[in-house]
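Asker: model the structure of this input:
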Amino acid sequence: MAPRLLIIDEIGYLPFGQWDQTFAGDAALTSAMLDRILHHSHVVQIKGESYRLRQKRKAGVIAEANPE
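Answerer: Next up is the predicted model:
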């Protein structure tokens, strides 16, 4: 039985354009992998700070974001 949902959390915070840096700088490998992962997929891109990161900042676990 094939999975109906795949969540990639470890590198999901990176834009697709930076994934090749994670995979040994191999753009061909990254392109092929994304092609297979995203085939028949819906991509949801959310802008803004993550809920977990915001909660950690509020709790003082990590430093506040630098204003730009």
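Asker: and the helices in this structure, which stretches?
Answerer: 19-22, 27-38, 51-59 (DSSP state H).
Asker: including distance to Ile7, could those go into TSV?
Answerer: Quick note: C-beta positions are derived from backbone N, CA and C, even for glycine. TSV is the format used below for the helices of the chain (distance: least, Cβ to Cβ, whole Å):
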stretch	distance to Ile7
helix 19-22	15
helix 27-38	11
helix 51-59	14
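Asker: tell me the most buried of these?
Answerer: Stretch with highest mean neighbour count among the helices of the chain: helix 19-22 (a mean of 15; mean count of other Cβ atoms under 10 Å).
Asker: packing partners of it?
Answerer: helix 27-38 (3 or more Cβ pairs under 8 Å, 6 or more residues apart in numbering; DSSP states H and E).
Asker: so what touches the helix it packs on?
Answerer: The contact list for helix 27-38 (Cβ atoms under 8 Å, 6 or more residues apart in numbering) reads Leu6, Ile8, Phe16, Trp19, Asp20, Thr22, Phe23.
Asker: quick one on the thing from earlier: so which of the helices of the chain comes closest to Gln45?
Answerer: The closest of the helices of the chain to Gln45 is helix 27-38. By Cβ to Cβ, the value is 12.2 Å.
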